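Enquirer: Predicted model and sequence follow; I will ask about them next.
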Amino acid sequence: MRILLVEDEKKIASFIERGLKAHRYVVDTAVDGETGLELAEVNSYDLIILDIMLPGKDGITVCKELRDQGLESPIMMLTAKSSVADKVHALHSGADDYLVKPFSFEEFTARVAALLRRTRKEKSSILEAGDIVLDQMTHKVKKADKEIALTPKEYSLLEYFMLHADQVITRTMISEHVWNEDFDSFSNIIDVFVNNLRSKLDSDRKKSCIQTVRGVGYTLKSKSG
């Protein structure tokens, strides 16, 4: 899952970014409202986290402009402003959640997970495809009840496949949701990670659960082959 963090305080931004990455989210960071707005306009994010008091355009303005453009991704406001009036104003501007600094990181990550679940029809944190089970809360992956060790990027890639099981996923879609803004679209890194995943998931299969759609991308079959 790919997240945009717009926060001008460097220490806070670095702390949040490290924490989100430790939970295996892909994170892009902007330090002002204009840059955050531009990133949100050109990239596809599963969640946007906005500080309110930003250089240039403030978070409320950015939120309103994104909603006016039809953006449906959930938006969390993260700010030191704690009055009821501030919260109401942010929610009326289009925000889905509002968290006051300082905050518990445990609560923050729980809210992030809850916002990401809202956009899915199935609200459980457990994803299943055939004999593969992925727990988004514990970040554990099992195949036929046996735990599989994945790197953070392999986990993120598998999670994206499982969230879109039986759908054709293009390399562009993968690069937009599993890698961040610095991704080199001309590299073969996606193919390398897909092959690594296959080697861990398909040891006892005649046919891979992740199938190549020639000239387009890949699809993860929800039923074991």
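Expert: Arrived safely, thanks for sending.
Enquirer: For the rest of this, base every contact and every neighbour count on C-alpha atoms.
Expert: OK.
Enquirer: so where is the chain shaky, pLDDT-wise?
Expert: Residues of the chain meeting the criterion pLDDT under 70: 120-124, 181-186, 224-225.
Enquirer: All the strands of this protein, in order from the start?
Expert: 2-6, 26-30, 47-50, 75-79, 97-100, 126-129, 132-135, 140-143, 146-148, 169-170, 210-213, 217-220 (DSSP state E).
Enquirer: Adding mean neighbour count and distance to Glu106 as columns, could you present these in CSV?
Expert: Formatted as CSV, these follow (neighbours: other C-alpha atoms under 10 Å; distance: least, C-alpha to C-alpha, whole Å):
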stretch, mean neighbour count, distance to Glu106
strand 2-6, 25, 17
strand 26-30, 21, 18
strand 47-50, 24, 16
strand 75-79, 24, 14
strand 97-100, 19, 12
strand 126-129, 18, 19
strand 132-135, 20, 17
strand 140-143, 18, 18
strand 146-148, 13, 25
strand 169-170, 18, 32
strand 210-213, 16, 34
strand 217-220, 20, 32
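Enquirer: where exactly do the helices run in this structure?
Expert: In the chain, the segments counted as helices under DSSP state H are 10-22, 33-42, 59-68, 84-92, 105-118, 152-163, 171-178, 189-201.
Enquirer: Can you lay out those helices as a markdown table showing distance to Val141?
Expert: Below are the helices of the chain laid out as a markdown table (distance: least, C-alpha to C-alpha, whole Å):
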| stretch | distance to Val141 |
| --- | --- |
| helix 10-22 | 16 |
| helix 33-42 | 30 |
| helix 59-68 | 35 |
| helix 84-92 | 36 |
| helix 105-118 | 17 |
| helix 152-163 | 8 |
| helix 171-178 | 17 |
| helix 189-201 | 10 |
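Enquirer: What is the burial count for Ser83?
Expert: For Ser83, the number of neighbouring residues by other C-alpha atoms under 10 Å comes to 10.
Enquirer: quick revisit: how about the helices of the chain, which one is nearest Arg2?
Expert: helix 171-178 (5.0 Å; C-alpha to C-alpha).
Enquirer: what's the offset of the closest one from the middle of its chain?
Expert: Centroid separation for helix 171-178 versus its chain: 11 Å, with C-alpha atoms, centre = their mean, to the nearest Å.
Enquirer: swap in stretch 77-88?
Expert: 24 Å.
Enquirer: do the same with stretch 54-70
Expert: Using C-alpha atoms, centre = their mean, the offset of stretch 54-70 from its chain centre is 20 Å.
Enquirer: Please list the outside residues in contact with it.
Expert: 7-8, 31-34, 36-37, 40-41, 50-53, 75, 77, 90, 93-95 (C-alpha atoms under 8 Å, 6 or more residues apart in numbering).
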